[in-house]
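Student: coords below, sequence missing:
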RNA sequence: GGAGAGGUGGCUGAGUGGUCGAAAGCACAUCUUUGCUAAAGAUGCGUAGCCUUUAACAGCUACCGAGGGUUCGAAUCCCUCCCUCUCCGCCA
């Protein structure tokens, strides 16, 4: 959520920044500004009346002690009470409306975020390694998975539905090995603290990290208990500190967490894609940082570098693109996407999205720290995948397939996997 | 799931309808004094919003788990919900 004061003081700046995301947002700014004016007017009136009531009610108490008759004043206060109720209703309604609209307005892209209309204009900022070449026709992971009995899409569809998969045998083992490898890497080499959270959360947590209310159709909801399946570990992990004033010395707080991620992918174009590319459930190791405003941008660089180490260690070719203003996510001020090369796909796959949310999420979840003057300020929050697993699995088996059909396991992964190759 | 106890400021804890945003203690901050591996005293010390302002101060409002209700007036009475603890039941 954005700071309402920014709307009051610099509406044109807010409009200008929002317009870099695309058309149609500036009318919301005007709507909020006018609503805010009405709301404050009602609020001020209500507070004035409440003050009157408090004062006169005290007088009643004093008069009663002296044994005086107070029926006339009581009637007067009753009248004030009625007006408070009326105006209070208006003020509350305006307040709810304003908050509702505010929750639907995206974050302002950072000045460092490149301007652009769509994904086509995302600049490529880095390429690491090169595309591997093969003296045979490389297969895709679906074929390789079937050949070695790693992936069973039919079973996934049978027990749950399409876009769910069952990992079997060496496939299940590889998935598990990757999770352990990633958690160990980030906790022992990059200073993250491992956390293992619930996989279902309440609505407030999703509001905090911006999945709700705007993207309600993308999360699985258990109606009976009003709980949601996590779409990413970002949600439970960032919300660990909601409603808190964290100690400044504790910043930056850095967490690494494994969770499965559940996504409805309603209306998603890629849902029919063959294989593991887009699933309703996939594993992910997520990195989360809570920082001061001063350091968040440099922490974003570090976070991205931490995710890159995954691909470097596994020897996978990748590139980093920077999302332009027209493509950057709802709550983000700046985002790097890391895309790994998948030879069987003949394309890059997004395995990590590293974002700095500024104070956007912190404001929603009331996450603050005390600055050097003892003043409470909102933290900055960041997160990035370190990395998403299904696609990492894809890149790995497709990259390391051999002419004889076997799949080599990169050396750093072997002790987790327990073998040098599959097949 | 059932029974009981309880949720008050950073912590402990008083407060059962009226000058209560809330006693007292601890912790913390500043100052003073003594003087030296510490003690005593003074003052200050919640959050958010509104109003105002260059800014600060002052002022006003709200907040005693959450949401409703009763009342001229609610931390205090009533209702619903949530959470914690104890016991019982069930259970990986």
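Tutor: Ah, there it is. What you see is a predicted model, and the numbers here were worked out from it, not measured in a lab.
Student: Show me which residues of chain A sit near RNA strand B.
Tutor: Counting by Cβ under 7 Å from any atom of the strand, chain A comes close to RNA strand B at A:4, A:40, A:43-44, A:46-48, A:50-51, A:53-58, A:60-62, A:64, A:74, A:77-78, A:81, A:368, A:376. Just so you know, the C-beta spots here come from the backbone N, C-alpha and C atoms, and that holds for glycine as well.
Student: Which among those residues count as buried?
Tutor: Among the residues of chain A next to RNA strand B, those buried by neighbour count (16 or more other Cβ atoms under 10 Å) are A:4, A:40, A:43, A:46, A:53, A:60, A:77, A:368.
Student: The residues you listed into a markdown table, with extra columns for secondary structure?
Tutor: Shown next, in a markdown table, are those (DSSP: H, G, I helix; E, B strand; the rest coil):
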| residue | secondary structure |
| --- | --- |
| A:4 | helix |
| A:40 | helix |
| A:43 | helix |
| A:46 | helix |
| A:53 | helix |
| A:60 | helix |
| A:77 | helix |
| A:368 | strand |
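Student: Of all pairs in the residues you listed, which one is the farthest apart?
Tutor: Across those, no pair lies farther apart than A:60 and A:368, at 40.1 Å, counting by Cβ to Cβ.
Student: Leaving out the residues flanking it, which one is nearest to residue A:262?
Tutor: Leaving aside its chain neighbours, residue A:262 sits nearest to residue A:229 (3.8 Å; criterion: Cβ to Cβ, 6 or more residues apart in numbering).
Student: Can you report how many residues lie near the one you found?
Tutor: The number of residues packed near residue A:229 is 20, by other Cβ atoms under 10 Å.
Student: on contacts alone, who are the packing partners of the strand or helix carrying residue A:55?
Tutor: Secondary structure assignment for residue A:55, by DSSP states H and E: helix A:26-65. Using 3 or more Cβ pairs under 8 Å, 6 or more residues apart in numbering; DSSP states H and E, the elements in contact with helix A:26-65 are helix A:4-9, helix A:11-19, helix A:71-103.
Student: got the angle for it vs helix A:11-19?
Tutor: Relative orientation of helix A:26-65 versus helix A:11-19 (axes from the mean of the first three to the mean of the last three Cα atoms, to 10 degrees): 130 degrees.
Student: Let me see the mean pLDDT of helix A:26-65.
Tutor: For helix A:26-65, mean pLDDT rounds to 90.
Student: which outside residues touch stretch A:22-31?
Tutor: With Cβ atoms under 8 Å, 6 or more residues apart in numbering as the contact definition, stretch A:22-31 has outside contacts at A:7, A:11, A:14, A:15, A:18, A:19, A:101, A:104, A:105, A:106, A:117, A:326.
Student: Need phi/psi at residue A:343.
Tutor: When quoted as degrees, to the nearest 10, the phi and psi of residue A:343 stand at phi -60, psi -40.
Student: isn't it right next to residue A:132, touching?
Tutor: Yes. The pair residue A:343 / residue A:132 is scored as a contact, 6.1 Å apart, by Cβ atoms under 8 Å.
Student: what's the overlap in contacts for these two?
Tutor: residue A:399.
Student: Compare those two and say which is more crowded by neighbours.
Tutor: Taking other Cβ under 10 Å, residue A:343 and residue A:132 do not tie; residue A:343 has more neighbours (22 against 15).
Student: From residue A:277, how far out is the more buried one?
Tutor: 14 Å (Cβ to Cβ, to the nearest Å).
Student: swap in residue A:226?
Tutor: 32 Å.
Student: From the contacts of stretch A:22-31, pick the one nearest RNA strand B.
Tutor: Closest approach to RNA strand B among the contacts of stretch A:22-31 (Cβ to the nearest atom of the strand): residue A:7, at 10.7 Å.
Student: quick one: pLDDT of the closest one?
Tutor: Value listed for residue A:7 in the pLDDT field: 91.
Student: list the contacts for the residue nearest to residue A:262?
Tutor: Per Cβ under 8 Å, 6+ apart, neighbours of residue A:229: A:199, A:200, A:219, A:220, A:221, A:222, A:262.
Student: and with 10 Å instead?
Tutor: A:199-201, A:219-222, A:235, A:259-264, A:280-281 (Cβ atoms under 10 Å, 6 or more residues apart in numbering).
Student: Check residue A:370 too.
Tutor: A:245, A:246, A:247, A:248, A:376, A:377.
Student: Not counting sequence-adjacent ones, nearest residue to the residue of the stretch 251-400 of chain A found nearest RNA strand B?
Tutor: Going by Cβ to the nearest atom of the strand, RNA strand B is nearest to residue A:376 of the stretch 251-400 of chain A, at 3.9 Å. The shortest distance from residue A:376 to any non-neighbouring residue, by Cβ to Cβ, 6+ apart, is to residue A:368 (4.6 Å).
Student: I appreciate the help and will end here.
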